[in-house]
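Novice: I would like the atomic coordinates for the input below:
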Amino acid sequence: MRTEIRTAIYFLMPVFLAAGCSSQKNEQSKNTPPFSIAGGDTEKSAALAETEAEKPWVTFIELGSVNCIPCKMMQPVMKEIEEEYAGQVQVVFYDVWTQAGKPYAEQYRIRAIPTQIFLDSEGKEYSRHEGYFPKEELVKVLKQKGVK
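Specialist: A predicted model of the protein is given here:
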């Protein structure tokens, strides 16, 4: 019985969370963020794997939606992080309101969007934040793992 209740709550939670974000659907091409989506580019991942031994690096995962207002506010922050910390930080975005992104919402057990998850070089989660995350505060989390 408890499992059924938890499962029902888990699947209904995104519906309740959506109330805080814009539910209007725009054309996907107009809302595509300027950074890696759903795992990113394989060449970039290969480049990061090569530099893993040389530099500390972190995977910064943003779970949100291209149609969510706070998530849209995070897009420029993610772009800046990706550019300023290239080779040290891999930025990945999953749109959890799509079929392709939905499994990541389940995998990371998100309760609200946007949610930022930080993985160390071994793929272990070391920090998590829900809601808009200002760049200055986000950089502090990256520096915990030696990102310069």
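
Novice: these two touch, right, Glu125 and Gln116?
Specialist: No: with contacts counted by Cβ atoms under 8 Å, Glu125 stays clear of Gln116, the gap being 10.9 Å. Quick note: C-beta positions are derived from backbone N, CA and C, even for glycine.

Novice: more neighbours, the two?
Specialist: Gln116 (22 against 12; other Cβ atoms under 10 Å).

Novice: Summarise which helices and strands the strand or helix carrying that one is packed against.
Specialist: Per DSSP states H and E, Gln116 falls inside strand 115-119. In terms of contacts (3 or more Cβ pairs under 8 Å, 6 or more residues apart in numbering; DSSP states H and E), strand 115-119 is packed against strand 58-64, strand 125-130, helix 135-143.

Novice: Could you rerun that using 7 Å?
Specialist: Counting contacts by 3 or more Cβ pairs under 7 Å, 6 or more residues apart in numbering; DSSP states H and E, strand 115-119 packs against strand 58-64, strand 125-130.

Novice: Among those strands, show me which one is buried the most.
Specialist: Of all those, strand 58-64 carries the top mean neighbour count, a mean of 24, counting by mean count of other Cβ atoms under 10 Å.

Novice: and the helix or strand that it is followed by, C-alpha only, in PDB?
Specialist: Using DSSP H and E, the helix or strand that directly follows strand 58-64 along the chain is helix 69-84. The C-alpha trace of helix 69-84 is given here as PDB (Å, rounded to 0.1, in the frame of the first residue of the first chain):
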ATOM      1  CA  ILE A  69      10.200  30.500 -16.400                       C
ATOM      2  CA  PRO A  70      12.800  29.800 -13.600                       C
ATOM      3  CA  CYS A  71      14.400  27.200 -15.900                       C
ATOM      4  CA  LYS A  72      14.600  29.700 -18.700                       C
ATOM      5  CA  MET A  73      16.400  32.100 -16.200                       C
ATOM      6  CA  MET A  74      19.000  29.300 -15.700                       C
ATOM      7  CA  GLN A  75      19.900  29.000 -19.300                       C
ATOM      8  CA  PRO A  76      22.300  32.000 -19.500                       C
ATOM      9  CA  VAL A  77      23.900  30.800 -16.300                       C
ATOM     10  CA  MET A  78      24.500  27.400 -17.700                       C
ATOM     11  CA  LYS A  79      25.900  28.800 -20.900                       C
ATOM     12  CA  GLU A  80      28.300  31.000 -19.000                       C
ATOM     13  CA  ILE A  81      29.500  28.000 -16.800                       C
ATOM     14  CA  GLU A  82      29.900  25.900 -19.900                       C
ATOM     15  CA  GLU A  83      32.100  28.600 -21.600                       C
ATOM     16  CA  GLU A  84      34.100  29.700 -18.500                       C
END
